[in-house]
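# Take a look and give me a structure for this.
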Amino acid sequence: MPSSVREAAAFLRDALGGFEPGLLTGADCARVAQDLAATEKACAAARLLAAARAVECGAHRDGGFRDGAAWLARQAGITPREARNALDTVSSLKDCPDTKAALLAGEVSVAQAAEITRATAEMPGTEAELLDVARSSDLSALRDHAREQRQSRTDVEELHRLQQRARHVRHWRDRLGMVCFSGALPPEVGVPFVNRLDLAAQRLQRSAREARVAPERFEAYLADALSACAGGESAPRADRADLVIVCDLYAWRRGHAHPGEVCHVVGGGPLPVELAKELGHDAFVKAVLHDGVAIHTVTHFGRHLPATLRTALDLGPVPEFSGARCVDCARRYGLEYDHVNPVANSGPTTYANLQPRCWSDHRAKTERDRRAGLLGRRAARDGDSASLRTITRRE
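Model (predicted):
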């Protein structure tokens, strides 16, 4: 077996050495990319399993390395920290045999396997569910699902205590002398912070477009918005709340939630009811109380979105209230509310006729509407949008 694996690896390297994608059609390149993605994941799995075994046997010392992670980092071209994390993932695979098999089959990546093993250790019995998610989606979706499962299985008061203990900020200087930083804030602080930051950055981006200035990455506008906040400049308030809290009506009255009752920050996860009520005194916090009845009573004809309708749309699907996502690609940021039946075709601005879409999917939907003859002359040129109102969440 070792010789066959090594021979196959050498054969693949030789084949890739002369690879020229320009000689293939787009469809052929797509198939090659898919095949190589699965092969890459399988090769990474086999490499890590072999490396872990080599470190276990002390073979890394033959190369002059006293630390197995340092040896693996040199072989794989990664950092020692990444190598240690990879070895930890391999070690934890013994408790997740199905994930190990899927990893060697090229069905999931090493990063996905690491997420599954970590979540399974915290939440026994979830491997099969997480593995299904990993096979059918990307790493971000898997992390979102694991986080939601972790939050749903943790007592909300304990979750809030863990979040408070986990808050942190660190900063350093990079090779250009830039001041870099990273950190984590609990949702009741972090969500309004990033909402204000995103909205300010969106205004800067829009101003640059109107001035016909060469566009920059959205991250650059976020940096400018953060600099303005740090300098004490107050950005204009948006027409929506910085923080939206969804709470079951009975839990709000009672002061705590029972199983099955929702109390959470849209885009931020569960929250203790008492904390929600305390935050509700802030003028820029919007508390939405519900009794499980679907949102269907807001109706307005025309493009303008009333504040109540915007709030309902921002909440996301009932009864999860997990926040708006693009209906086509599930993206959470850069969203615009699109009329399912265009306004040019007498479509109303109602809850049932509006869907969140990212910029590119919105434009694609508008083009489909144009080809179907549903748009007037102006709408066909400019695109149908609900005031081009954008949700700029970053995750």
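# can we go C-alpha only for contacts and neighbour counts from here?
OK.
# show me where pLDDT drops low in the stretch 151-300 of the chain?
232-242, 280-300 (pLDDT under 70).
# how about the strands of it, start to end?
Applying DSSP state E, counting those that start in this stretch to the stretch 151-300 of the chain gives strands spanning 168-173, 179-184, 243-248, 263-265, 269-270, 285-290, 299-300.
# the helices in the stretch 1-150 of the chain, which residues?
2-17, 26-57, 68-76, 80-92, 97-104, 110-122, 127-136, 139-152 (DSSP state H, counting those that start in this stretch).
# For H160, find the nearest of those.
helix 139-152 (10.0 Å; C-alpha to C-alpha).
# Specify the angle between that closest one and helix 127-136 in degrees.
Angle, helix 139-152 to helix 127-136, by axes from the mean of the first three to the mean of the last three C-alpha atoms, to 10 degrees: 150 degrees.
# what sits up against helix 139-152?
111-112, 115-116, 119, 122-123, 130, 133-134, 159, 269-270 (C-alpha atoms under 8 Å, 6 or more residues apart in numbering).
# quick revisit: tell me which of the helices of the stretch 1-150 of the chain sits nearest to Y351.
helix 139-152 (25.8 Å).
# which parts of the closest one are buried?
If you call a residue buried by 16 or more other C-alpha atoms under 10 Å, then helix 139-152 has these buried ones: 139, 142-143, 145-146, 150-151.
# Verify the assumption that S322 is located in a strand.
No. Remark: S322 does not belong to a strand; assigned using DSSP: H, G, I helix; E, B strand; the rest coil, it is coil.
# so it makes contact with V266?
Yes. Counting by C-alpha atoms under 8 Å, S322 touches V266, with 5.8 Å between them.
# out of those two, which sits in the busier spot?
A side-by-side neighbour count of S322 and V266, using other C-alpha atoms under 10 Å, places V266 first with 22 against 19.
# so what's the more buried one closest to, chain neighbours aside?
Excluding the flanking residues, the one nearest V266 by C-alpha to C-alpha, 6 or more residues apart in numbering is G323, at 5.3 Å.
# can you pull the contacts of that neighbour?
Applying C-alpha under 8 Å, 6+ apart to G323 gives the contacts 266-267, 314-317.
# Tell me the first helix or strand C-terminal of the helix or strand hosting Q355.
Q355 is located in strand 354-358, with elements delineated by DSSP states H and E. Per DSSP H and E, strand 354-358 leads on to helix 359-371 as the next helix or strand towards the C-terminus.
# Can you tell me how far the residue nearest to V266 is from H264?
11 Å (C-alpha to C-alpha, to the nearest Å).
# cool, G63 as well?
Distance, G63 to H264, by C-alpha to C-alpha: 53 Å.
# Likewise for L130?
Per C-alpha to C-alpha, L130 is found 23 Å from H264.
# what do you get for S109?
Taking C-alpha to C-alpha, one finds S109 at 32 Å from H264.
# H168 and G190 touch, don't they?
No. H168 is beyond contact range of G190, at 11.6 Å (criterion: C-alpha under 8 Å).
# Touching both of the two, which residues are there?
Taking C-alpha under 8 Å, 6+ apart as the criterion, H168 and G190 both touch A184.
# what's the angle from the strand holding Q355 to helix 359-371?
Using the same axes, to 10 degrees: strand 354-358 against helix 359-371 is 120 degrees.
# roughly how far out does strand 354-358 sit from the chain middle?
17 Å (C-alpha atoms, centre = their mean, to the nearest Å).
# same for it, what does it pack against?
strand 335-339 (3 or more C-alpha pairs under 8 Å, 6 or more residues apart in numbering; DSSP states H and E).
# Using CSV, write down the CA coordinates of the strand it packs on.
The C-alpha coordinates for strand 335-339 follow below in CSV (Å, rounded to 0.1, in the frame of the first residue of the first chain):
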residue,chain,number,x,y,z
LEU,A,335,-28.4,42.2,0.5
GLU,A,336,-31.1,44.1,-1.4
TYR,A,337,-34.8,43.6,-1.1
ASP,A,338,-36.2,42.4,-4.4
HIS,A,339,-39.8,42.4,-5.6
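# which secondary structure elements does it contact?
Under the contact rule (3+ C-alpha pairs under 8 Å, 6+ apart), strand 335-339 is packed against strand 354-358, helix 359-371, strand 390-391.
# tell me the domain ranges of the protein?
21-152, 185-238, 243-391 (automatic domain parsing).
# For S4, find the nearest of those.
domain 21-152 (12.8 Å).
# Quick one: residues in contact with stretch 24-36.
Residues contacting stretch 24-36 (C-alpha under 8 Å, 6+ apart): P21.
# Tabulate the CA atom coordinates of it in CSV.
Extracted in CSV, the C-alpha atoms of stretch 24-36 (Å, rounded to 0.1, in the frame of the first residue of the first chain):
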residue,chain,number,x,y,z
LEU,A,24,-9.8,22.5,-22.5
THR,A,25,-13.4,23.8,-22.8
GLY,A,26,-15.0,25.6,-19.9
ALA,A,27,-17.1,22.6,-19.1
ASP,A,28,-14.1,20.3,-19.1
CYS,A,29,-12.2,22.7,-16.8
ALA,A,30,-15.2,22.7,-14.4
ARG,A,31,-15.1,18.9,-14.2
VAL,A,32,-11.3,18.9,-13.7
ALA,A,33,-11.6,21.4,-10.9
GLN,A,34,-14.3,19.3,-9.2
ASP,A,35,-12.2,16.1,-9.5
LEU,A,36,-9.0,17.8,-8.3
